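Peer 1: coordinates for the following, if possible.
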Amino acid sequence: MSRPEERRGRARGLLRRRAGLVAFLAVAGPGLITASADNDAQGITTYSLVGAKTGYALLWLIPIAAVALAVTQEIGARIGIVTGKGLGALIRERFGVRPAALAMLLLLVANVGTTAAEFAGIAAALEIFGVTKYVSVPLAAVGVLWLVAKGGYKRIERVFLALSAVYVAYVVSGFLAHPDWGSAVAGLRPSFSSDPAFVLIAVGMVGTTITPWGQFFIQAYIVDKSLGEGDLRYERADVVLGVLATSIVVLFIIVATAATVHQTGGQIVDAKDAALALEPLAGRFAETLFAFGLLNASLLAAGVLPLSTSYALCEAFGFELGLDEFVRDAPVFYGIIAFAIGVGAAVVLIPGISLVPILFASAVVNGLLLAPMLAYVYLLANDRDLMGELRNGRVANALTLVTIALLVVLTLVLVAVAIAAA
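Peer 2: Residues are numbered from 1 along each chain as shown. Next up, the predicted model:
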């Protein structure tokens, strides 16, 4: 090949790569936003407790949870792209109105309870900076509602992606904690303990990674974005990128609290305590970054969770929906969002309220809903009439079945703990 031909070949290759990058950037969003929002206030609290209570001993669960999350999110994304319908609509159409109604009721209860946790996270983060919850929570609720109701799909997605990028604060705070990286690497090797507290924390760590709302959200969000089959490979990359990013954040949250709270024998109850515990050993800047990360995560999830709830309910019962719709054209869609935000914020403002029972009840309901919901996803992904050539393959089926079995076991453990605690 002559030198001019080589140059032309390199130029064509560069143009193809640039075109691929542009195409990816146009598609990216659903996978990254869903995975990032999964690291919400409840998740950050759970991961902080993992590091504080067990040190580096449970780091090996991160790649397992990551694979399970990637598999379930990819299937949801693929179903949404092929069918052009959300999970709520498909459950109603393929399995009947009653299963859909029961699933939507459980989802509503769990999501409203978890939304309250997000506003509690906002309140806790800003209390570190001296702002009372009676100011922070109403302002956050109004701001999130205004964004969702008035922003339009593209603007809302840009805000969600910007919030997803801020999770880098946890990576920085993890380095500032000066962890023992040798122990962290050792923590990637599986280890077990029969201690009930250890088992419960392990269950919570995996259980908070894969959520029913996340499965409903990614599929509905893809439909709202109008992605087609030609976008599938880029959306798969988006899902993988989101899972990798969120797994790195989880790693550094656990590492930061393992290097500080666990080493000093300190006690924490929530993510706010974890942020405050960083200051003595890692400095004020690490504490500020951890608190800022909590605020960011709570704001993102406070927008995504009500949106996920509204997507699912409107799909299941045939109401008009979509972020580019005007409020007057989709009153039920925006009404459900306002209801979830309003109730979640109001609960946090009740004087002397303890969110622990609400969060535990939400976790139990999520656990009860997740395995059946993934079973629906499995059946839909294997439906030849629905999915055609893009139905599940053997590897995807095996990984999905293993994930469902794992979640059934975790749910049984969680329910047993709830009964024992009652």
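
Peer 1: from residue 404, how far out is the closest residue to residue 106 other than its chain neighbours?
Peer 2: Nearest non-adjacent residue to residue 106, counting by CB to CB, 6 or more residues apart in numbering: residue 369, 4.5 Å away. C-beta: built from backbone N, CA, C; applies to glycine. Distance of residue 369 to residue 404, given as CB to CB, to the nearest Å: 13 Å.

Peer 1: and the helices in the stretch 201-350 of the chain?
Peer 2: Counting by DSSP state H, counting those that start in this stretch, the stretch 201-350 of the chain has these helices, from start to end: 212-225, 232-257, 263-264, 271-282, 284-317, 331-349.

Peer 1: same for the first one, what does it pack against?
Peer 2: In this structure, helix 212-225 makes packing contacts with helix 30-38, helix 61-83, helix 87-95, helix 97-127, helix 153-165, helix 284-317, helix 356-381, judged by 3 or more CB pairs under 8 Å, 6 or more residues apart in numbering; DSSP states H and E.

Peer 1: returning to that earlier point: who's more crowded, residue 369 and residue 404?
Peer 2: Taking residue 369 and residue 404 together and counting by other CB atoms under 10 Å, residue 369 has the greater number of neighbours (23 against 20).

Peer 1: how about that one, what does it touch?
Peer 2: Each residue near residue 369 by CB atoms under 8 Å, 6 or more residues apart in numbering is listed here: 103, 106, 107, 110, 212.

Peer 1: what do you get for residue 240?
Peer 2: 31, 70.

Peer 1: and residue 401, how far from residue 380?
Peer 2: 14 Å.

Peer 1: who has more neighbours, the two?
Peer 2: Between residue 401 and residue 380, counted using other CB under 10 Å, the more crowded position is residue 380 (26 against 13).

Peer 1: stretch 56-67 spans what distance, first to last residue?
Peer 2: 20 Å (CA to CA, to the nearest Å).

Peer 1: which elements pack onto the host helix or strand of residue 396?
Peer 2: Using DSSP states H and E, residue 396 sits within helix 394-421. Counting contacts by 3+ CB pairs under 8 Å, 6+ apart, helix 394-421 is packed against helix 61-83, helix 196-207, helix 356-381.

Peer 1: now that helix against helix 61-83, angle please.
Peer 2: 120 degrees (axes from the mean of the first three to the mean of the last three CA atoms, to 10 degrees).

Peer 1: quick one: end-to-end distance for stretch 197-215.
Peer 2: Termini of stretch 197-215 sit 29 Å apart (CA to CA).

Peer 1: how about it: buried residues?
Peer 2: Neighbour counts using 16 or more other CB atoms under 10 Å place 198, 201-215 of stretch 197-215 among the buried residues.

Peer 1: between the residues you listed, which sits nearest residue 413?
Peer 2: residue 203 (5.1 Å; CB to CB).

Peer 1: you'd agree the closest one is up against residue 412?
Peer 2: No. With contacts counted by CB atoms under 8 Å, residue 203 stays clear of residue 412, the gap being 9.7 Å.

Peer 1: list the residues that contact both of the two?
Peer 2: With CB under 8 Å, 6+ apart, residue 203 and residue 412 have no common neighbours.

Peer 1: output the helices and strands packed on helix 212-225 as CSV; include the columns distance to residue 334 and mean pLDDT.
Peer 2: Listed next are these as CSV, based on distance: least, CB to CB, whole Å; pLDDT from 0 to 100:
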stretch, distance to residue 334, mean pLDDT
helix 30-38, 19, 85
helix 61-83, 21, 91
helix 87-95, 17, 91
helix 97-127, 15, 88
helix 153-165, 13, 85
helix 284-317, 7, 86
helix 356-381, 23, 77
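
Peer 1: return the most buried member of these.
Peer 2: Greatest average neighbour count among the helices and strands packed on helix 212-225 goes to helix 30-38 (a mean of 28), per mean count of other CB atoms under 10 Å.

Peer 1: I'd like the next helix or strand past that one.
Peer 2: In N-to-C order, the element after helix 30-38 by DSSP H and E is helix 41-54.

Peer 1: packing partners of that next one?
Peer 2: By 3+ CB pairs under 8 Å, 6+ apart, helix 41-54 packs against helix 97-127, helix 196-207, helix 232-257, helix 271-282, helix 284-317, helix 356-381.

Peer 1: can I get it as CSV, trimmed to CA atoms?
Peer 2: Extracted C-alpha coordinates of helix 41-54, given in CSV (Å, rounded to 0.1, in the frame of the first residue of the first chain):
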residue,chain,number,x,y,z
ALA,A,41,-28.6,7.9,50.3
GLN,A,42,-29.7,4.4,51.3
GLY,A,43,-26.9,2.8,49.3
ILE,A,44,-24.2,5.1,50.6
THR,A,45,-25.4,4.4,54.2
THR,A,46,-25.2,0.7,53.5
TYR,A,47,-21.7,0.9,52.0
SER,A,48,-20.5,3.1,54.8
LEU,A,49,-21.7,0.6,57.3
VAL,A,50,-20.0,-2.2,55.3
GLY,A,51,-16.6,-0.4,55.7
ALA,A,52,-17.2,0.7,59.3
LYS,A,53,-18.3,-2.8,60.5
THR,A,54,-16.3,-5.2,58.4
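
Peer 1: and the angle from that helix to helix 232-257?
Peer 2: Going by the same axes, to 10 degrees, helix 41-54 makes 50 degrees with helix 232-257.

Peer 1: any buried residues in helix 41-54, and which?
Peer 2: Applying 16+ other CB under 10 Å to helix 41-54 flags 41-54 as buried.

Peer 1: you'd agree residue 212 is up against residue 108?
Peer 2: No. Counting by CB under 8 Å, residue 212 stays clear of residue 108, with 10.9 Å between them.

Peer 1: contacting residues around residue 292?
Peer 2: Taking CB under 8 Å, 6+ apart, one finds 125, 166, 169 in contact with residue 292.
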